[in-house]
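Q: one predicted model, sequence on top.
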Amino acid sequence: MSGVLRGEPNDEAGRLTSMTKSPSCHRWGRCTSVLLSLTIVFALVLASCGSGGRETVGTGGDPEDGSSAEVALEVECGSSVFDVNDFADAPPAVSLPDGPAGATDDAGAPAFDPSQAWKVVHQSGQRVDLLRELEEPLDTGGGDVRTHEARALEQITGANNVPDGTWLLTSAGACVPRLITDNDLGYADLTLAEKPSPDATAIELLVRERACASGAPATGRIEMMELRETPEQVSIRIGVRPRDGDQTCPSNPQTPFVVEFSEPLAERTVVDASVVPPRVVLVDKDV
């Protein structure tokens with residue numbers, strides 16, 4: 001192979017993935033997603049709606065119930081997986097030893113600018129993951145708002161274009177930290193189809209699947225992972241069950257999905273709790 005990096009379709013913008021024989025199961029000794037325990041405390045009633053491909057999810061139970069879902073601490077941002085509680089105190093990139101500190105991209109340029117606020121969220125003898133918060137979020141539309149930039153540096157072995165032991169940039173791009181759970185549901189971007197009225201007892205979401213799905217809608221594959229109502233907000237987590245078989249990666253359409261509340265929305269905000277920190281779900285700019 002003559003190149004080290006390639007673009008990944010339908011992934012975080014600008015994300016690059018190694019083409020060399022670098023470690024692929026670098027994280028927790030697994031090549032699959034990290035598994036976490038997530039207790040769902042509300043009974044969710046799922047039903048399909050026969051109009052316009054919409055789906056409806058039932059109410060989230062008693063909003064005064066003092067119990068809540070256990071929040072996962074591990075998040076994924078780009079190709080990096082880390083404990084979000086450790087980010088504030090993570091060491092700066094300037095603390096890296098000479099090997100990863102001198103990493104370059106495929107063209108020989110420095111892999112990162114040490115004057116920027118990069119933090120080390122993972123470090124091993126073969127891989128280092130860096131993360132920094134963007135000065136301004138990158139809004140690409142459809143609810144896809146990236147707040148951070150991630151870069152992965154790996155010690156390369158077995159490549160024919162660089163000596164063994166060379167540290168290279170193998171992944172880079174803007175991302176948003178997303179909670180990792182113990183199921184196989186994929187990530188989704190959320191917007192509101194329209195601004196709900198205070199007396200609304202349901203909202204229509206527009207759900208865009210992030211995984212490759214051959215451009216197909218997510219009808220019948222959207223699942224509610226968490227629905228929690230408080231006097232101040234309605235917190236939701238939504239996932240999409242992947243399609244079977246190989247998929248191509250054009251842009252996926254938005255799929256309508258209706259969420260019902262136990263009482264009128266009033267002045268409460270609707271937040272997407274699958275990202276960290278939870279983000280207010282806004283009306284789609286293209287509606």
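A: Looks like it arrived, so ask away.
Q: and Glu263, how many neighbours?
A: 11 (other C-beta atoms under 10 Å). Heads up, the C-betas are built off the backbone N, CA and C, glycines and all.
Q: secondary structure element for it, which one?
A: Secondary structure assigned from DSSP states H and E places Glu263 in neither a helix nor a strand.
Q: mind checking pLDDT for it?
A: At Glu263, the model reports a pLDDT of 96.
Q: check what pLDDT the residue of the chain positioned farthest from its centre gets.
A: Centroid-distance maximum for the chain: Pro163 at 34.0 Å, with C-alpha atoms, centre = their mean. Reading off the confidence values, Pro163 has pLDDT 93.
Q: repeat for Gly29
A: Value for Gly29, per-residue pLDDT: 31.
Q: ok, now the one 5 residues further on?
A: Reported pLDDT at Val34 in the predicted model: 30.
Q: what's the spacing between the residue farthest from the centre of the chain and Ser79?
A: Applying C-beta to C-beta, to the nearest Å, the value for Pro163 to Ser79 is 24 Å.
Q: same check on Ala93?
A: For Ala93, the distance to Ser79 equals 16 Å [C-beta to C-beta].
Q: excluding its backbone neighbours, what's nearest Thr104?
A: Once flanking residues are discounted, Thr104 sits nearest to Ala111: 5.6 Å by C-beta to C-beta, 6 or more residues apart in numbering.
Q: state the distance from the residue farthest from the centre of the chain to Gln155.
A: Computed as C-beta to C-beta, the Pro163 to Gln155 distance reads 11 Å.
Q: likewise Leu169?
A: Distance from Leu169 to Gln155, counting by C-beta to C-beta: 12 Å.
Q: neighbour count: those two, which is higher?
A: More crowded of Leu169 and Gln155, by other C-beta under 10 Å: Leu169, with 23 against 20.
Q: for the more buried one, name its beta-bridge partners.
A: With DSSP bridges as the criterion, Leu169 is bridged to Leu153.
Q: could you report the neighbour count for the residue nearest to Ala152 when sequence neighbours are not counted?
A: In space, and not counting its chain neighbours, Ala152 is closest to Ser171: 3.8 Å by C-beta to C-beta, 6+ apart. Ser171: 24 surrounding residues under other C-beta under 10 Å.
Q: where's the one residue sitting closest to the centre of the chain relative to Glu267, distance?
A: Centroid check for the chain by C-alpha atoms, centre = their mean gives Arg178 as the closest residue, at 3.8 Å. In this view, Arg178 and Glu267 are 28 Å apart by C-beta to C-beta.
Q: cool, Pro242 as well?
A: Note on Pro242: its distance to Glu267, by C-beta to C-beta, is 37 Å.
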